[in-house]
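K.L.:
Would you be able to build a 3D model of this:
(chains A and B)
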Amino acid sequence: MKKFLVVLSLLVVILSFAAKVELVFWTHEDPNRTPLEEGYIKEFQKMYPNVEIKRVTYPSDKIKEVLLTAFAARKGPDIFNIEIQDEYPYIVNGRVAPVDLSVLGLKTYNDLKNQYLEGSLDAVTYKGKIYGLPLELTNWCIFINKKYFREVGLDPEKDYPKTWEDMVRISEKLVIRDGQIIKRRGFDFRYPYYLTFFVPMVEQLGGALFSADGKTAIINDNAWIRVLDFMKQWGPNGKNLGSPTYTAARKEFNKDNNTVAMCESGLYQIDRIRTENPAFYNSNEWMVVPWPVFKNAVRDVKCNYYGHYYMVNAESSKEKQQWAWRFINFMLSHPQDYLVKVGLIQPRKDLIESDVFKNYPYSDVFLEDMKKAHIVPLHPQGPQIEQLIREAVESVMLTNTSSRDALNTLKRKVNDLLKEEQ
Amino acid sequence: MERKKAIWGFVFTIPAIVFFLIFDFYPVANAFWMSFFKKDLLSLNPPKFIGFKNYTYLFTSEAFWNSVKATAIFTFGTFVPMVLVSLALAALIITRKRFQKFLQMAYYSPAVLSSVVAAMIWLLMFDPRGLANQFLNYFFNTYGVDYHWLSNENMLRLATIIVYFWKYVGYFTVIFISGMASIPKSIHEAAIVDGASGWQDFRHITLPLLKPTTLLVSVMSMIQCLKTFSTQYLFVQGGAPRGPIDVITLNIYNTAIRDHQIGRASAMSVILFFVIMFFTYLQFRVSRSEEVSY
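P.N.:
The predicted structure follows:
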């Protein structure tokens, strides 16, 4: 009898191990998010002891490459998230599975859409199915160090930049130079992200990246040239207010070390200030204001927002896919924690309507701007197009190339790229 | 008996051959094969055979020729001074009676550093507020001039050359030193007895007998330069414009990883492979006529 019981218990142990579902979950490094999600994993594993989740983090600039090579070798993780611009080709190429509504206890995709802010699932809707759930939607507003404003005789509450023309004027007051070298920038852009900040500036002046049918790119030369001229004036060969070769303004902003007075960033920056520089966070010397528009803007459009969506590998087994969606749904059912502990906005209606969101510092500023913004342009050639815009902007900012010449080159190259794909 | 030894000798090389076949030969052969196909890295569709279209595309591509230019400027701008300076440093160090080991270690130490770390350190120095501008301002007795290390086309190229030169000059110096040390002392002594000066000894004894080492160093350094990647990659990540330093390897990386065009990236790799083969062959041909024997 004893022998029988031992064998039976061994069998139970072996079977329980054999039946364990292991989910591999890749995400980008975010020191504030890690403890939160590690906690959810523990909770979930407690609820479902047959599931084991391995959370692996990579630096944000590395995860794209690692994920791509893993998927190319058909060894991708079960769950992942990267920026939506980079996730889009995974959807188009059928590499991710649609959301399993039955696991979420929903009947139709409309039921799912109703849980989120209008349009926030459009980026992951493809051929009538939804392929991801948002971890965060991020738009940028302007962070201001009030101390430096007062130092040059400005009242930050009243004199903050409302237009891009204001931004130039105020930056000229705030900038401190040692000869040609900038010691303190008034403001500076987030340079590699041209689809996020540069394209909406063009749109404010009536331009567009793509035509309505999507077959032609770079619409309304005049708008593009005006923004290129603006960047030329901003750069070292113009008024010398900033340049892509300086350290990222948002990183220096947190240090409060007299190197930058304003930067553009998302709501998550608030949490990063709190973590990196608690003294500055508690000083009440910073504030957030809306993203500017041009004085003669024809469209009141704000900085594009982008998102990270949790997705599930289409090549994982059906069972794993279901567990993956169940786990994602479990994590995302804590939107208030993500906001309070990490500073991430999940565009769920229950969060936006909650007091937690309403009482979060500057959430209203971000939300109001987001209402006037749209998602970053999604296109299979998006990263190449962004690189070509980068080349155009940097050629006018850093060399003597005229805006017209830079635009002609950009237009030719982007349209060649589109033709090549057609 | 000899035959048995030969068989055992071959048996012992099998692990190395297998390793080479799997990790070197197969990827190279696969790149050759892939270069004839159109394949999106993410697509589950089978690759589409397109013959030489990837090659014809590249030979008419403005971006590819820009990469060829960037690679050529970087390679010749780096490897020629590197060979000359490492030779001069080796000659200088080997004649020192004291601190020889220390100097070798000091020059060699940057080679131990990871390329990524080296590029990060230099990025900080080339920041407009960094040491590079401060040094030039001090040297030229100017005030607050921004020399645009990371934005001006030529300065940017120079910046990448400096990083690479700094990192590898010590490595090649050590190789030259070992080459010089292998020249029998009796030959130098005979020359001195015959009344040769130090320079004459170096010019007519050391240099000719150092030919195999010089060939080795020049081939190695040239191949290293043609394969340069991490410095340019990190500089572009750090905000520098890509055009002037878009070397072929960086273009391959972007074509494969950013554009997902693995066939086209493979074609570029094949072209780079032949370029390296050609220059290596050329250097061997040029040096063959003057083989050295003591």
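
K.L.:
in the lengthiest helix in chain A, what's buried?
P.N.:
Longest helix in chain A by number of residues (criterion: DSSP state H): helix A:403-421. Of all the residues in helix A:403-421, those buried under the rule 16 or more other Cβ atoms under 10 Å in any protein chain shown are A:Ser403, A:Ala406, A:Leu407, A:Thr409, A:Leu410, A:Lys411, A:Lys413, A:Val414, A:Leu417, A:Leu418. Bear in mind the C-beta positions are built from the backbone N, C-alpha and C, glycine included.

K.L.:
same thing with stretch B:17-32?
P.N.:
B:Ala31.

K.L.:
Can you give the contact residues for it?
P.N.:
Counting by Cβ atoms under 8 Å, 6 or more residues apart in numbering or on different chains, stretch B:17-32 makes contact with B:Ser266, B:Ser269, B:Val270, B:Phe273, all of which sit outside it.

K.L.:
Now render the residues you listed as a markdown table, adding secondary structure, pLDDT and distance to B:Ile183.
P.N.:
Compiled in a markdown table, these are given as follows (DSSP: H, G, I helix; E, B strand; the rest coil; pLDDT from 0 to 100; distance: Cβ to Cβ, whole Å):
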| residue | secondary structure | pLDDT | distance to B:Ile183 |
| --- | --- | --- | --- |
| B:Ser266 | helix | 97 | 44 |
| B:Ser269 | helix | 96 | 39 |
| B:Val270 | helix | 96 | 40 |
| B:Phe273 | helix | 94 | 35 |
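
K.L.:
Where does the stretch 51-200 of chain B get nearest to chain A, residue-wise?
P.N.:
B:Gly144 (1.4 Å; Cβ to the nearest Cβ).

K.L.:
How about that residue, nearest residue that isn't a chain neighbour?
P.N.:
Among residues not flanking B:Gly144 along the chain, A:Gly179 sits closest, at 1.4 Å (Cβ to Cβ, 6 or more residues apart in numbering or on different chains).

K.L.:
Tell me, how many residues neighbour the one you found?
P.N.:
If you count neighbours by other Cβ atoms under 10 Å in any protein chain shown, A:Gly179 ends up with 13.

K.L.:
What does it show for phi and psi?
P.N.:
phi 70, psi -120 (degrees, to the nearest 10).

K.L.:
was I right about it contacting B:Leu136?
P.N.:
No: applying Cβ atoms under 8 Å, one finds A:Gly179 not in contact with B:Leu136, separated by 11.9 Å.

K.L.:
thinking B:Met34 is in contact with B:Ser266, fair?
P.N.:
Yes: applying Cβ under 8 Å, one finds B:Met34 in contact with B:Ser266, separated by 4.0 Å.

K.L.:
who has more neighbours, these two?
P.N.:
The residue with more neighbours, out of B:Met34 and B:Ser266, is B:Ser266; 24 against 21, by other Cβ under 10 Å.

K.L.:
mind checking how far that one is from A:Thr409?
P.N.:
For B:Ser266, the distance to A:Thr409 equals 28 Å [Cβ to Cβ, to the nearest Å].

K.L.:
Check B:Gln237 too.
P.N.:
Distance of B:Gln237 to A:Thr409, computed by Cβ to Cβ: 23 Å.

K.L.:
Same check on B:Arg157?
P.N.:
According to Cβ to Cβ, B:Arg157 stands 21 Å off from A:Thr409.

K.L.:
Phi and psi next, for the residue of the stretch 51-200 of chain B closest to chain A.
P.N.:
Main-chain torsions, B:Gly144, degrees, to the nearest 10: phi 60, psi 30.

K.L.:
That one: neighbouring residues, count only.
P.N.:
For B:Gly144, the neighbour count with other Cβ under 10 Å is 12.

K.L.:
how about the helices in the stretch 151-294 of chain B?
P.N.:
B:153-181, B:185-193, B:198-201, B:207-209, B:211-226, B:230-237, B:248-253, B:262-288 (DSSP state H, counting those that start in this stretch).

K.L.:
need these in a markdown table with distance to chain A, can you?
P.N.:
Formatted as a markdown table, the helices of the stretch 151-294 of chain B follow (distance: least, Cβ to the nearest Cβ, whole Å):
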| stretch | distance to chain A |
| --- | --- |
| helix B:153-181 | 7 |
| helix B:185-193 | 51 |
| helix B:198-201 | 45 |
| helix B:207-209 | 42 |
| helix B:211-226 | 23 |
| helix B:230-237 | 7 |
| helix B:248-253 | 9 |
| helix B:262-288 | 7 |
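
K.L.:
Ok, which of the ones you listed comes nearest A:Leu267?
P.N.:
Across the helices of the stretch 151-294 of chain B, A:Leu267 has its closest neighbour in helix B:230-237 (25.1 Å, Cβ to Cβ).

K.L.:
quick check: angle from that closest one to helix B:153-181?
P.N.:
160 degrees (axes from the mean of the first three to the mean of the last three Cα atoms, to 10 degrees).

K.L.:
what residues does helix B:230-237 touch?
P.N.:
A:61, B:74, B:115-116, B:118-120, B:122-123, B:150, B:156, B:159-160, B:163-164, B:242, B:245-247, B:249-250, B:253.

K.L.:
mind listing the strands for chain A?
P.N.:
A:21-28, A:51-58, A:79-80, A:125-126, A:129-130, A:133-138, A:141-145, A:176-178, A:181-188, A:208-210, A:217-219, A:260-265, A:286-289, A:306-312 (DSSP state E).

K.L.:
Can you say which of the ones you listed is packed in most?
P.N.:
Highest mean neighbour count among the strands of chain A (mean count of other Cβ atoms under 10 Å in any protein chain shown): strand A:79-80, with a mean of 28.

K.L.:
helices or strands next to that strand in the packing?
P.N.:
strand A:21-28, strand A:306-312, helix A:318-332 (3 or more Cβ pairs under 8 Å, 6 or more residues apart in numbering or on different chains; DSSP states H and E).

K.L.:
Is it possible to get a markdown table of these that adds distance to chain B and mean pLDDT?
P.N.:
Below are the helices and strands packed on strand A:79-80 laid out as a markdown table (distance: least, Cβ to the nearest Cβ, whole Å; pLDDT from 0 to 100):
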| stretch | distance to chain B | mean pLDDT |
| --- | --- | --- |
| strand A:21-28 | 16 | 96 |
| strand A:306-312 | 13 | 96 |
| helix A:318-332 | 16 | 97 |
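
K.L.:
Can you redo those as TSV, where the extra columns are distance to B:Thr13?
P.N.:
Listed next are the helices and strands packed on strand A:79-80 as TSV, based on distance: least, Cβ to Cβ, whole Å:
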stretch	distance to B:Thr13
strand A:21-28	39
strand A:306-312	47
helix A:318-332	44
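
K.L.:
now what about stretch A:329-343, what contacts it?
P.N.:
A:30, A:32-33, A:36-37, A:40, A:43-44, A:103-104, A:133-136, A:266-272, A:310, A:344-346, A:348, A:350-351, A:354, A:356-357, A:360, A:363.

K.L.:
can I assume B:Ile161 is in contact with B:Gly77?
P.N.:
Yes: counting by Cβ under 8 Å, B:Ile161 sits close enough to B:Gly77 to count as a contact (4.7 Å).

K.L.:
Could you check which of these two is surrounded by more residues?
P.N.:
Neighbours were tallied for B:Ile161 and for B:Gly77 using other Cβ under 10 Å; the higher tally belongs to B:Ile161 (23 against 18).

K.L.:
burial count for the spatially closest residue to A:Gly206 that is not a sequence neighbour?
P.N.:
In space, and not counting its chain neighbours, A:Gly206 is closest to A:Val298: 4.4 Å by Cβ to Cβ, 6+ apart. Look at A:Val298: counted by other Cβ under 10 Å, it has 14 neighbours.

K.L.:
List the buried residues of the host helix or strand of B:Ala88.
P.N.:
Using DSSP states H and E, B:Ala88 maps to helix B:62-95. The neighbour-count check on helix B:62-95 (16+ other Cβ under 10 Å) flags B:64, B:66-68, B:70-71, B:73-75, B:77-79, B:82-83, B:86-87, B:89-91, B:93-94 as buried.
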